[in-house]
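Engineer: what shape does this take:
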Amino acid sequence: MKIVNVESFVLHVPLTPPITDAINSPTHWGLPGVRITTDEGIVGYGYTGTCAYGDDLIAGAIDRYYAPVLLGKDPFMVKELWDGMRFGQLHWVGRAGIAHMALAAVDIALWDIMSKASNKPLWQYLGGHKSDGIKAYNTNGGWLNWSKERLLKDITSYVEQGFTGVKMKVGKPDPREDFERVKAVREAIGPDIILMIDVNQQWNVNTAMTWGKKLEQFDLFWLEEPLNPDDVAGHRKLARELNVPIALGEHVYTKYAFRDYIQAEAVEYVQVDCTRVGGVTEWMQVANLAAAYDLPVVPHVGDMGQIHQHLAAATPNAIMLEYIPWIRDIFVEPATVKDGRYALPQLPGASTEVIPSFFEKYRVR
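Structural biologist: Numbers count the residues shown, from 1 in each chain. Next comes the predicted model:
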């Protein structure tokens with residue numbers, strides 16, 4: 001099997017209504033990605049996820065720098081191709097960020113091809129672990145721009161639907177308002193539902209120490225991204241002194257950066273995202289590294305769960321998966337949660353193939 005065509009694309013899927021966390025206010029979810037065609041007619045789809053900014057740069061990196069590495073090559077040589085791209089012409093200027101997100105999209109497409117060629121869903125091709133599906137927690141009701149009334153209505157509705165875990169955003173200019181919102185949510189959902197909070201990098205160490213301790217009384221499952229994602233020392237201090245575990249990884253782009261966090265004992269829930277690190281290939285390396293330290297993996301879903309449902313289902317230390325249903329309807333096999341669990345995909349591939357009509361509708365040319 002040989003690769004005969006590599007074509008980038010950008011999709012912008014509208015978010016209704018627009019949402020806000022402590023750092024972003026997107027109106028669309030961006031899917032810059034790639035279609036890779038083989039001489040046997042198998043087409044692989046891969047993409048990364050953005051707030052619809054910089055997508056042209058990611059697509060340009062795929063077309064200009066990665067496509068020439070791929071043409072004429074065997075997609076089953078995925079690790080050799082990964083090295084060729086990672087240590088190729090972009091290595092000097094981009095070992096994270098745009099270059100790595102573009103690499104992730106390409107790598108995911110290659111794994112899509114391999115699992116399709118093997119006539120298996122990716123989770124089986126990788127070696128399955130969770131035959132009864134994956135526990136899901138819901139993030140879609142806890143946005144920072146929701147009023148307290150809507151916050152409580154949405155989060156309690158997800159509990160009623162069968163979710164046993166929910167996450168909400170904090171990071172208001174006045175942390176006292178965050179405190180009152182967290183208190184209200186805990187009272188509304190009761191003591192048995194898992195509750196996480198996500199700061200989206202908005203606190204400094206002093207704020208995180210002060211308010212992290214105050215919020216401990218609400219039995220939080222984790223405190224997510226409290227600080228700048230490059231501040232390993234600050235997260236180490238929080239992990240040592242707070243009773244709430246630290247979760248992070250959404251903005252950590254390489255296995256080496258995860259290594260530094262893990263060895264420093266600065267992270268307790270590893271949220272590695274295959275659309276931010278270099279795709280499936282590097283995601284598995286990070287998950288295995290976490291397993292060597294007995295750390296759980298709970299991926300951030302820049303893909304909105306389409307690919308990560310496969311990875312979680314094939315990974316022993318992946319204990320649950322975030323659910324955000326923004327873009328699920330555009331896919332041939334959408335990620336599906338029932339009674340609080342992801343159902344296992346059944347079609348061959350990585351669940352990344354977009355329905356043609358939606359591909360054309362949302363494509364940015």
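
Engineer: contact partners for the residue nearest in space to the middle of the chain?
Structural biologist: With distances taken as Cα atoms, centre = their mean, the chain has V301 as the residue nearest its mean C-alpha position (2.3 Å). Residues near V301 by Cβ atoms under 8 Å, 6 or more residues apart in numbering: G49, D273, H308, L321, E322, Y323, I324. Placement of C-beta: from N, CA and C, glycine included.

Engineer: one more time with 10 Å
Structural biologist: Taking Cβ atoms under 10 Å, 6 or more residues apart in numbering, we find V301 in contact with 49, 139, 250, 271, 273-275, 307-309, 312, 321-324, 326, 335.

Engineer: quick check on these: which are buried?
Structural biologist: 49, 139, 250, 271, 273-275, 307-309, 312, 321-324, 326, 335 (16 or more other Cβ atoms under 10 Å).

Engineer: okay, and N5 sits in which element?
Structural biologist: Here N5, judged by DSSP states H and E, is contained in strand 3-14.

Engineer: alpha carbons only: can I get whichever helix or strand comes after that strand in CSV?
Structural biologist: For strand 3-14, the following helix or strand on the C-terminal side (DSSP H and E) is strand 28-38. These are the backbone C-alpha positions of strand 28-38, laid out as CSV (Å, rounded to 0.1, in the frame of the first residue of the first chain):
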residue,chain,number,x,y,z
HIS,A,28,-16.9,28.0,16.0
TRP,A,29,-14.9,24.8,16.6
GLY,A,30,-12.1,24.5,14.1
LEU,A,31,-11.0,21.2,12.5
PRO,A,32,-7.9,21.8,10.5
GLY,A,33,-7.0,18.4,9.1
VAL,A,34,-6.0,16.1,6.3
ARG,A,35,-7.3,13.4,3.9
ILE,A,36,-4.7,10.8,2.9
THR,A,37,-5.5,8.6,0.0
THR,A,38,-3.8,5.3,-0.8
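
Engineer: now whichever helix or strand comes after strand 28-38: average pLDDT?
Structural biologist: Scanning forward in sequence from strand 28-38 by DSSP H and E, the next helix or strand is strand 43-47. Computed over strand 43-47, the mean pLDDT rounds to 98.

Engineer: one more: stretch 58-71?
Structural biologist: Here the average pLDDT along stretch 58-71 is 98.

Engineer: buried residues, that stretch. List them.
Structural biologist: I58, A59, A61, I62, Y65, Y66, A67, V69, L70.

Engineer: for stretch 203-221, same thing?
Structural biologist: W203, V205, A208, M209, W211, G212, L215, F218, L220, F221.

Engineer: one more: stretch 160-176?
Structural biologist: F163, T164, G165, V166, K167, M168, K169, V170, G171, P175.

Engineer: show me how far it is from its chain's centre.
Structural biologist: 18 Å (Cα atoms, centre = their mean, to the nearest Å).

Engineer: confirm E180 sits in a helix?
Structural biologist: Yes - using DSSP: H, G, I helix; E, B strand; the rest coil, the assignment for E180 is a helix.

Engineer: so it touches K148, yeah?
Structural biologist: Yes - if you go by Cβ atoms under 10 Å, E180 and K148 touch, sitting 7.6 Å apart.

Engineer: do a quick rundown of the strands in the chain.
Structural biologist: Under the criterion DSSP state E, the chain contains strands at 3-14, 28-38, 43-47, 134-138, 165-169, 194-198, 222-224, 246-248, 269-270, 321-323, 337-338, 341-342.
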